[in-house]
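K.L.:
sharing a sequence plus its predicted fold:
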Amino acid sequence: MFENWPLLSIQIWMPMIGAILVLFTGGDENKHIARGIAVGTAVLAIIFCIPLYMNFDVTTYAMQFTENVSWVSAYNVNYALGVDGISVSLILLTTFTTLIVILAACTAIKDRVAQYMALFLIMHGMLVGVFAATDAVLFYVFWEATLIPMYLSIGMWGGSNRSYASIKFFLYTFFGSVLMLVAMLYLGMHVGSFAIEDLYFNDLGLNIQILIFIAFFFAFAVKVPMWPVHTWLPDAHTEAPAGGSVVLAALMLKMGIYGFLRFSMPITPLASQYLDYVMIVLSLIAIIYIGLVALAQTDMKRLIAYSSISHMGIATLGCFMVYVIIGNTGNYEDAFMSIEGATVQMVAHAFGSGAMFLGIGFMYDRMHTRLIGDFGGIASKMPAFAAFFMLFAMTNVGLPGTSGFVGEFMVILSAFQGSPWIALLAATTLILGAAYTLWMYARVFFGKVTSDKVKRTNDIQGVEWLTYSLLAAGVLILGLYPECMLRLLHSTVRHLLTQSLQFSLPM
């Protein structure tokens with residue numbers, strides 16, 4: 001039925017049309033209509049994602065559901081879309097996250113409802129464009145366009161220091177992308193095409209590849225974010241509204257990892273192998289040092305923000321450990337597992353950290369504080385919320401049976417084959433993650449109720465129950481049956497490694 005439908009364009013432009021309709025509802029006197037249109041649009045996006053998953057051919061690495069229309073013919077720039085296993089996984093995640101954010105906003109956002117809903121519908125379309133673009137210029141357009149709705153959401157609905165946080169977020173991420181554009185233009189002119197897969201087949205020497213890798217690094221590392229270009233994230237998370245924090249954690253950080261997988265490794269394979277230990281060291285610093293920084297936080301949002309940086313260090317480690325694994329053991333299966341583990345980690349982190357940011361939003365709406373010291377005994381007043389939050393805390397820790405365990409286990413196990421010492425250092429995330437997550441949970445949810453605000457609070461209900469139930473389902477399904485995602489990745493990862501290692505892998 002859907003064979004000839006432009007499913008990717010529908011995922012990009014339908015939410016934007018929905019955003020326009022939402023804005024046409026006017027002011028807050030019609031906010032119920034705005035909420036209905038936004039929820040309906042998000043549900044439609046989920047429906048149109050079903051054929052993307054069901055009809056995806058897992059036996060081929062070729063781009064599927066492709067669309068290609070000439071855009072700027074003089075420079076051979078096309079409106080070209082397509083998905084492989086990695087990108088379809090992230091588009092499914094984007095659609096699911098948008099539904100969660102829109103549902104949560106129905107009760108959390110009271111002012112300028114239409115504008116808020118419209119921004120996140122537009123964000124959905126831009127993010128799908130990033131993950132579906134197969135033309136480098138189109139990718140860059142969508143990449144930069146995602147900044148605008150996130151900047152506005154922080155600046156309009158953020159906390160008391162929102163102006164500083166939104167400007168810092170915009171400047172870091174925008175200027176980090178300028179060098180990426182220069183590198184893409186150079187590659188396009190050199191190869192004679194801006195099609196991303198055409199850029200894989202270049203004859204650039206090591207020195208030029210290193211320069212291009214560095215240009216890509218500043219764009220992608222800022223987005224992840226990697227140490228030492230991570231300082232914008234805690235400020236952005238702290239000041240952003242709950243929906244903004246969820247999208248940042250669940251989706252925008254993943255753009256950086258996706259960039260490394262889609263551009264840096266296959267386009268500059270010699271440089272990626274030459275600089276692998278640099279990337280590994282930076283990843284380990286993020287895992288260990290930023291994990292220790294998380295332990296010192298007194299604001300729940302800042303703690304989870306630093307936790308996100310640490311967990312993303314596992315994903316970048318998984319990407320660049322493949323060169324060490326192949327170099328030391330020649331074991332391709334371990335290299336496959338490393339990349340697949342990094343990809344699973346992206347999705348698992350979205351469920352865990354996204355849910356905790358959402359939960360902190362629930363508590364802030366009730367008590368207007370995020371400081372850990374202001375809480376205590378929440379479990380006695382919000383038992384259902386405490387049970388849900390415990391599940392999400394456990395996936396953040398990496399408990400077996402939850403989604404957070406799968407990606408971390410795959411990356412650490414494969415890293416052990418390449419270097420037991422690197423694996424040992426990476427495994428400290430399990431200790432540090434448990435330390436700061438359980439310390440926060442114990443302080444906030446247990447103990448004696450001393451705050452009057454806590455005494456007067458009420459448990460989650462209605463839409464809050466629905467959003468947390470959906471997120472809990474994601475955590476458990478991926479944790480107990482990771483094959484539902486891994487089956488999408490096998491052929492794509494084999495092709496990625498073929499390009500990244502510069503020789504054909506044995507079948």
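P.N.:
Looks like it arrived, so ask away. Numbers count the residues shown, from 1 in each chain.

K.L.:
ok, Phe446 - how many residues close by?
P.N.:
14 (other Cβ atoms under 10 Å). All C-beta spots, glycine's among them, are computed from the backbone N, C-alpha and C.

K.L.:
I'd like to know how many residues surround the closest residue to it other than its chain neighbours.
P.N.:
With Cβ to Cβ, 6 or more residues apart in numbering as the criterion, Phe446 has its nearest non-adjacent residue at 6.0 Å, and that residue is Ala379. When counting by other Cβ under 10 Å, one arrives at 19 neighbours for Ala379.

K.L.:
show me what the host helix or strand of Ala379 is packed against.
P.N.:
Assigned by DSSP states H and E, Ala379 belongs to helix 378-381. Applying 3 or more Cβ pairs under 8 Å, 6 or more residues apart in numbering; DSSP states H and E, one finds that helix 378-381 contacts helix 383-397, helix 428-445, helix 452-455.

K.L.:
most tightly packed of those?
P.N.:
Scoring these by mean neighbour count under mean count of other Cβ atoms under 10 Å gives helix 383-397 as the most buried, with a mean of 22.

K.L.:
list the contacts of that one.
P.N.:
304, 307, 311, 348, 351-353, 355-356, 359, 362, 378-379, 402-405, 430, 433-434, 437-438, 440-441, 445, 459-460, 464-465, 468, 471-472, 475-476, 479 (Cβ atoms under 8 Å, 6 or more residues apart in numbering).

K.L.:
check stretch 362-373 too.
P.N.:
Here stretch 362-373 has contacts from 108, 238, 242, 297-301, 303, 360, 374-375, 378, 385, 440, 443-444, 451, 453-454, 457-458, 460, 464, using Cβ under 8 Å, 6+ apart.

K.L.:
and if we set it to 6 Å?
P.N.:
108, 298-301, 440, 443, 453, 457, 464 (Cβ atoms under 6 Å, 6 or more residues apart in numbering).

K.L.:
in those, find the pair that's most separated.
P.N.:
Greatest spatial distance among the contacts of stretch 362-373 (Cβ to Cβ): Thr298 and Glu464, at 25.3 Å.

K.L.:
those two: who's more crowded?
P.N.:
A count of neighbours by other Cβ under 10 Å puts Glu464 above the other of Thr298 and Glu464, at 23 against 13.

K.L.:
now the more buried one: closest residue in space that isn't a chain neighbour?
P.N.:
That would be Phe362: by Cβ to Cβ, 6+ apart, it lies 5.9 Å from Glu464.

K.L.:
and for the one you found, the neighbour number?
P.N.:
The local packing of Phe362 (other Cβ under 10 Å) involves 23 other residues.

K.L.:
quick check: the gap between it and Tyr468.
P.N.:
Using Cβ to Cβ, to the nearest Å, Phe362 is found at 9 Å from Tyr468.

K.L.:
what do you get for Phe56?
P.N.:
28 Å.

K.L.:
ok, the two, which is more surrounded?
P.N.:
Tyr468 (24 against 18).

K.L.:
His230: what secondary structure?
P.N.:
coil (DSSP: H, G, I helix; E, B strand; the rest coil).

K.L.:
residues contacting it?
P.N.:
Ile309.

K.L.:
if we use 10 Å, what do you get?
P.N.:
Applying Cβ atoms under 10 Å, 6 or more residues apart in numbering to His230 gives the contacts 172, 221-222, 224, 285-286, 290, 293, 305-306, 308-309, 312-313.

K.L.:
among these, which lie within strands?
P.N.:
Among those, no member falls in strands (DSSP state E).

K.L.:
in helices, which of those residues fall?
P.N.:
Among these, the members found in helices (DSSP state H) are 172, 221-222, 285-286, 290, 293, 305-306, 308-309, 312-313.

K.L.:
tell me the phi and psi of Ala80?
P.N.:
When read as degrees, to the nearest 10, the backbone of Ala80 gives phi -120, psi 130.

K.L.:
do the one 5 residues further on as well
P.N.:
Backbone geometry at Gly85, expressed as degrees, to the nearest 10, gives phi -60, psi -40.

K.L.:
tell me, how many residues neighbour it?
P.N.:
Counted with other Cβ under 10 Å, the neighbours of Gly85 add up to 26.

K.L.:
which ones are touching it?
P.N.:
Gly85 sits in contact with 56-58, 60-61, 64, 340, 343, 485-496, where contact means Cβ under 10 Å, 6+ apart.

K.L.:
got any residues that touch both of Phe362 and Tyr468?
P.N.:
By Cβ under 10 Å, 6+ apart, Phe362 and Tyr468 have these common neighbours: 104, 385, 388-389, 460.

K.L.:
any chance of the residues you listed in a markdown table, plus distance to Ile280 and pLDDT?
P.N.:
As requested, the shared contacts of Phe362 and Tyr468 are arranged in a markdown table below (distance: Cβ to Cβ, whole Å; pLDDT from 0 to 100):
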| residue | distance to Ile280 | pLDDT |
| --- | --- | --- |
| Ala104 | 37 | 88 |
| Phe385 | 39 | 88 |
| Phe388 | 35 | 92 |
| Phe389 | 33 | 91 |
| Ile460 | 41 | 81 |
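
K.L.:
which one in the contacts of stretch 362-373 is the model shakiest on?
P.N.:
pLDDT across those is lowest for Lys453, at 71.

K.L.:
give me every residue that touches it.
P.N.:
363, 366-369, 374-375.

K.L.:
now Phe409: how far from Glu340?
P.N.:
Distance check for Phe409 against Glu340: by Cβ to Cβ, it reads 11 Å.

K.L.:
again, but for Pro420
P.N.:
Distance from Pro420 to Glu340, by Cβ to Cβ: 21 Å.

K.L.:
which of the two has more residues huddled nearby?
P.N.:
Legend: neighbour count by other Cβ under 10 Å for Pro420 and Glu340, higher for Glu340 (26 against 10).

K.L.:
re earlier: so which of the contacts of His230 is the closest to Val191?
P.N.:
Ala221 (24.3 Å).

K.L.:
tell me how many other residues crowd the closest one.
P.N.:
The burial count for Ala221: 23, using other Cβ under 10 Å.

K.L.:
returning to that earlier point: redo the helices and strands packed on helix 378-381 as CSV? Include distance to Thr94.
P.N.:
Shown next, in CSV, are the helices and strands packed on helix 378-381 (distance: least, Cβ to Cβ, whole Å):
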stretch, distance to Thr94
helix 383-397, 19
helix 428-445, 25
helix 452-455, 35
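
K.L.:
among those helices, which comes closest to Lys31?
P.N.:
Evaluated with Cβ to Cβ, the helices and strands packed on helix 378-381 place helix 383-397 nearest to Lys31, the distance being 25.2 Å.

K.L.:
report the angle between the axes of whichever helix or strand comes after the closest one and helix 428-445?
P.N.:
As assigned by DSSP H and E, the chain's next helix or strand after helix 383-397 is helix 403-418. With axes from the mean of the first three to the mean of the last three Cα atoms, to 10 degrees as the basis, helix 403-418 and helix 428-445 are set at 160 degrees to each other.

K.L.:
and the shared contacts of Phe362 and Tyr468 as CSV, adding distance to Val141?
P.N.:
Listed next are these as CSV, based on distance: Cβ to Cβ, whole Å:
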residue, distance to Val141
Ala104, 29
Phe385, 41
Phe388, 38
Phe389, 38
Ile460, 39
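
K.L.:
coming back round to it: buried subset of the contacts of His230?
P.N.:
Among these, those buried by neighbour count (16 or more other Cβ atoms under 10 Å) are 172, 221-222, 224, 285-286, 290, 293, 305-306, 308-309, 312-313.
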